[in-house]
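# Take a look and give me a structure for this.
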Amino acid sequence: MSSRLTPRIALLMTLPPLLWAGNAVVGRLLVGQVPPLALNALRWLLALALLLPLGWRALAAPRELIARWPYLLLLGTLGVGSYNALQYMALVTTTPINVTLIAASMPVWMMAVGAAFYGVAPQRRQLVGAALSLAGVALVIARGNLHALGEVQFVRGDFYIVAAIIAWAFYSWLLARPPAHLQADAAPRVADGHGGTRGWNWAETLAVQVVFGLAGAGAAAGVEQAAGAAPIQWGAGVALALLYVAVGPSVIAYRCWGLGVSVAGPAVAAFFGNLTPLFAALLSALMLGEPPRWYHGIAFALIVAGIVVSSRSSSRADS
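Below you'll find the predicted structure:
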């Protein structure tokens with residue numbers, strides 16, 4: 001795994017924040033129409049249907065799944081069953097400004113998990129990069145008035161976001177650095193249709209994660225309904241929203257994120273995650289008919305500066 005930042009990797013790591021910003025907007029719009037845990041389960045059920053034509057061979061090799069089921073279950077639970085479910089739950093009770101503020105702590109949690117569980121101590125430049133990115137995010141949240149940050153009040157949903165970010169940090173590190181015994185073993189393989197075998201492709205890897213994650217996501221949605229959640233308010237808008245969250249933030253974003261993390265590493269990838277609140281602000285401005293403000297440009301420059309500083313520190317460490 002190398003942390004060198006190329007234009008291709010930068011593009012791969014920029015697309016997921018854009019799609020996830022749209023996911024947050026859609027999730028907020030669906031409050032009152034689709035219960036949050038049901039939304040998460042339906043999202044990944046549809047995503048699995050899209051992945052099956054490309055990923056069915058991995059699911060048809062039970063021996064490979066059984067040999068790795070604890071790792072796959074943990075990946076699926078963190079990345080599919082927990083992160084987005086917690087985010088959708090948070091959007092029911094908390095405000096977009098709070099969600100964005102807390103999500104901006106992603107690099108801190110990435111570095112903390114790396115230091116505590118993987119022995120990867122953050123470098124000084126990574127800490128500087130984190131400060132630059134957080135400053136840019138804070139500027140967007142405060143709409144150019146940093147005094148507004150002191151007026152933020154936290155509610156229950158804010159703690160859901162904290163839990164979601166921690167889950168995502170562990171997911172990203174597990175994705176980049178599987179357990180030692182799995183690294184030593186041969187990679188999982190499937191029949192290639194020509195009498196030979198090959199390793200899992202990206203669709204097969206994601207499909208397996210979704211299957212394991214849906215076990216928890218489906219159970220959580222069932223408990224939600226049993227607890228008296230309101231029924232889904234079906235309509236064309238809800239159907240289109242479900243299609244978007246299944247295709248964009250799920251299949252496309254996870255594919256790009258997985259590629260980026262495998263090359264750039266979780267710590268550098270986390271700084272690209274800080275583009276999400278900037279994209280969310282721009283999308284909100286577009287939907288509300290408001291033009292971008294001066295602070296959007298400054299915030300973008302600060303966030304990009306954080307990405308560059310962090311990636312340079314990692315590249316020097318590799319050389």
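# how about the helices of the stretch 101-250 of the chain, start to end?
When assigned using DSSP state H, counting those that start in this stretch, the helices of the stretch 101-250 of the chain occupy the ranges 106-117, 124-141, 156-176, 180-184, 202-226, 236-246.
# Let me have the ones you listed in TSV, adding mean pLDDT as columns.
Formatted as TSV, those follow (pLDDT from 0 to 100):
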stretch	mean pLDDT
helix 106-117	86
helix 124-141	80
helix 156-176	88
helix 180-184	58
helix 202-226	92
helix 236-246	96
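# how about the ones you listed in JSON lines, adding mean neighbour count?
Where you see a C-beta, it was placed from the backbone N, CA and C, and this is true even at glycine. Written out in JSON lines, the entries for the helices of the stretch 101-250 of the chain read as follows (neighbours: other CB atoms under 10 Å):
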{"stretch": "helix 106-117", "mean neighbour count": "19"}
{"stretch": "helix 124-141", "mean neighbour count": "21"}
{"stretch": "helix 156-176", "mean neighbour count": "20"}
{"stretch": "helix 180-184", "mean neighbour count": "10"}
{"stretch": "helix 202-226", "mean neighbour count": "20"}
{"stretch": "helix 236-246", "mean neighbour count": "16"}
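# Could you dump those into JSON lines and include distance to residue 20?
Below are those laid out as JSON lines (distance: least, CB to CB, whole Å):
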{"stretch": "helix 106-117", "distance to residue 20": "11"}
{"stretch": "helix 124-141", "distance to residue 20": "14"}
{"stretch": "helix 156-176", "distance to residue 20": "10"}
{"stretch": "helix 180-184", "distance to residue 20": "28"}
{"stretch": "helix 202-226", "distance to residue 20": "16"}
{"stretch": "helix 236-246", "distance to residue 20": "10"}
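# Pretty sure residue 48 sits against residue 210.
Yes - under the criterion of CB atoms under 8 Å, residue 48 is in contact with residue 210, at a separation of 4.7 Å.
# which ones are touching residue 74?
With contacts defined as CB atoms under 8 Å, 6 or more residues apart in numbering, residue 74 is in contact with residue 174.
# Tell me the buried residues in the helix or strand encompassing it?
Secondary structure assignment for residue 74, by DSSP states H and E: helix 69-76. Under the neighbour-count criterion of 16 or more other CB atoms under 10 Å, helix 69-76 has 72, 73, 74, 75, 76 buried.
# Can you mark which positions in the next helix-or-strand element following that helix are buried?
Moving toward the C-terminus from helix 69-76, the next helix or strand (DSSP H and E) is helix 83-93. Judged by neighbour count (16+ other CB under 10 Å), helix 83-93 contains these buried residues: 83, 84, 85, 86, 87, 88, 89, 90, 91.
# ok, which pair from these is furthest apart?
Checked with CB to CB, the buried residues of helix 83-93 reach their widest spread between 83 and 91, with 13.0 Å between them.
# Distance from the chain centre to the helix holding residue 74, please.
Distance, stretch centre to chain centre, for helix 69-76: 17 Å (CA atoms, centre = their mean, to the nearest Å).
# Can I get that helix in PDB? Just the C-alpha atoms.
Output in PDB follows, covering the C-alpha atoms of helix 69-76 (Å, rounded to 0.1, in the frame of the first residue of the first chain):
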ATOM      1  CA  TRP A  69     -16.600 -15.500   7.800                       C
ATOM      2  CA  PRO A  70     -15.500 -13.600  11.000                       C
ATOM      3  CA  TYR A  71     -13.500 -11.000   9.000                       C
ATOM      4  CA  LEU A  72     -16.300 -10.700   6.300                       C
ATOM      5  CA  LEU A  73     -19.000 -10.400   9.000                       C
ATOM      6  CA  LEU A  74     -17.100  -7.600  10.700                       C
ATOM      7  CA  LEU A  75     -16.500  -5.800   7.400                       C
ATOM      8  CA  GLY A  76     -20.100  -6.100   6.500                       C
END
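# any idea of the mean pLDDT in that helix?
Per-region confidence: helix 69-76 scores 91 on mean pLDDT.
# what's the answer for stretch 274-292, then?
Mean pLDDT, taken over the full extent of stretch 274-292, equals 73.
# try stretch 79-94
Confidence over stretch 79-94, taken as the mean pLDDT, stands at 89.
# List the neighbours of it that are in contact with it.
Residues outside stretch 79-94 that contact it (CB under 8 Å, 6+ apart) are 23-24, 27-28, 31, 36-37, 39-40, 43-44, 99, 154-158, 160-161, 163-164, 167-168, 171, 175, 209-210, 212-217, 220, 249, 254.
# and it, how far from the chain's centre?
The chain centroid and the centroid of stretch 79-94 are separated by 11 Å under CA atoms, centre = their mean.
# And residue 236, how far from residue 122?
According to CB to CB, to the nearest Å, residue 236 stands 47 Å off from residue 122.
# Residue 265 now?
Here residue 265 is placed at a distance of 12 Å from residue 122 (CB to CB).
# Of these two, which one has the most company?
Taking residue 265 and residue 122 together and counting by other CB atoms under 10 Å, residue 265 has the greater number of neighbours (25 against 19).
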